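Chemist: Sequence below, structure please.
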Amino acid sequence: MRNGGISIDGYPSMGEIQATNGWPAEERFGKGPVAILECVQEIPCNPCEDACPFGAIHVGSPITNIPTLAEDKCTGCGVCVAQCPGLAVFIVDKTYSQTEATVSFPFEYLPLPEKGDTVQAVNRASEFVCEAKVVKVAESKKQDHTPVVTIAIPKAFADTVRGIRRLNAPLPAVSPEAAEAGALLPDDVLICRCEEVTAGEIRKAIREQGANSVTAVKLRVRAGMGLCQGKSCGKIVTRLIAEELGVGPQDVLPATDRPPVRPVTFSEIGGKQNG
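Modeler: Got it, this is the predicted structure:
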């Protein structure tokens, strides 16, 4: 599996996560469940910090800081998981049993799995890793329609598994390698995760609404208008346009880059006042 980082593959690499968010020490893993932060981009967001009742997550000022974890304060309670708009917080418990670990993650698809179900666990790239057993499905009003699913998996995959395959998905998830080789992306696959735009919606914009560029697709279905500004979905949108129009990706007009390229504060734009 290729692992070039979020700006290349659309999901963070292990090295990227460790370098930006940090990673709990094995000693901490040995004490029980702990939060894993996988938010590697500087975006204006801090609900995880406010959600933690123990002050274990720090964003601070400016709000675009990347969150970090004080592992000694974290109890693995999981309150932060459902509160992250980017679905980038997970709870890992490597002490679940001698042979298994559990991973808790947000799951916003229907139908929901049920406790005791056997499901297909996937990695950050949505590639199949192993079969897993559903241990718990938490869905309280405080979670605001973001259920948190906990699965048990072989302990060797605790650092790799980050979700499960959708229960009603018609086809297996497509790996980056398969996508590059020309495998067909199912219409219900989410391409723009920020705005929740599927491949089918993008194809409809191209076929029925005359979208022939990345910007044209953006104007019609909002793909690329989210917080990441198309960094995750832009290349796949380009590929879909090329497939539909029968041209090469190099012939598809890209979106217009507009400053600022990365989030900045008003003080950085206007300058700090003296005195």
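
Chemist: So in this structure, where's the weakest helix or strand by average pLDDT?
Modeler: helix 176-180 (a mean of 48; mean pLDDT, DSSP states H and E).

Chemist: just checking, next helix/strand downstream of it?
Modeler: Using DSSP states H and E, the helix or strand that directly follows helix 176-180 along the chain is strand 190-192.

Chemist: domains of the protein?
Modeler: The chain breaks down into these domains under automatic domain parsing: 6-164, 184-251.

Chemist: Mean neighbour count, distance to Thr265 and mean pLDDT added to those, as TSV?
Modeler: Quick note: C-beta positions are derived from backbone N, CA and C, even for glycine. What follows is the domains of the chain, written out as TSV (neighbours: other Cβ atoms under 10 Å; distance: least, Cβ to Cβ, whole Å; pLDDT from 0 to 100):
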stretch	mean neighbour count	distance to Thr265	mean pLDDT
domain 6-164	18	5	94
domain 184-251	18	16	89
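
Chemist: Out of the ones you listed, the one nearest Gly270 is which?
Modeler: When the domains of the chain are compared by Cβ to Cβ, domain 6-164 sits nearest Gly270, at 13.9 Å.

Chemist: End to end on that closest one, go ahead and measure it.
Modeler: Terminal residues of domain 6-164 are spaced 20 Å apart (Cα to Cα, to the nearest Å).

Chemist: got it, and stretch 89-109?
Modeler: End-to-end span of stretch 89-109 (Cα to Cα): 17 Å.

Chemist: before we move on, what about stretch 83-100?
Modeler: Length of stretch 83-100, first residue to last, Cα to Cα: 26 Å.

Chemist: which residues touch that stretch?
Modeler: 29-39, 43, 45, 47-48, 50-51, 76, 78, 80-81, 101-106, 108, 146, 150, 152-155, 158-159, 162, 227 (Cβ atoms under 8 Å, 6 or more residues apart in numbering).

Chemist: And stretch 105-123, by the same measure?
Modeler: So stretch 105-123 is contacted by 1, 81-82, 84, 87, 89-91, 103, 128-137, 139, 145-149, 151, 153, 157, 160-168, 173 (Cβ under 8 Å, 6+ apart).

Chemist: Keep only those of these that are in strands.
Modeler: Among the contacts of stretch 105-123, the members falling in strands (DSSP state E) are 89-91, 103, 128-137, 148-149, 151, 153, 163-164.

Chemist: Can you spell out which helices and strands pack onto the helix or strand hosting Leu219?
Modeler: In this assignment (DSSP H and E), Leu219 forms part of helix 214-221. Applying 3 or more Cβ pairs under 8 Å, 6 or more residues apart in numbering; DSSP states H and E, one finds that helix 214-221 contacts helix 199-209, helix 234-245.

Chemist: mind putting those helices in a markdown table, distance to Pro62 included?
Modeler: Listed next are the helices and strands packed on helix 214-221 as a markdown table, based on distance: least, Cβ to Cβ, whole Å:
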| stretch | distance to Pro62 |
| --- | --- |
| helix 199-209 | 34 |
| helix 234-245 | 26 |
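
Chemist: To Thr256, which of these lies closest?
Modeler: Among the helices and strands packed on helix 214-221, if distance is taken as Cβ to Cβ, the winner is helix 234-245, at 11.6 Å.

Chemist: Please, where are all the helices along the stretch 1-150 of the chain?
Modeler: Counting by DSSP state H, counting those that start in this stretch, the stretch 1-150 of the chain has these helices, from start to end: 6-9, 14-20, 26-29, 47-51, 79-83.
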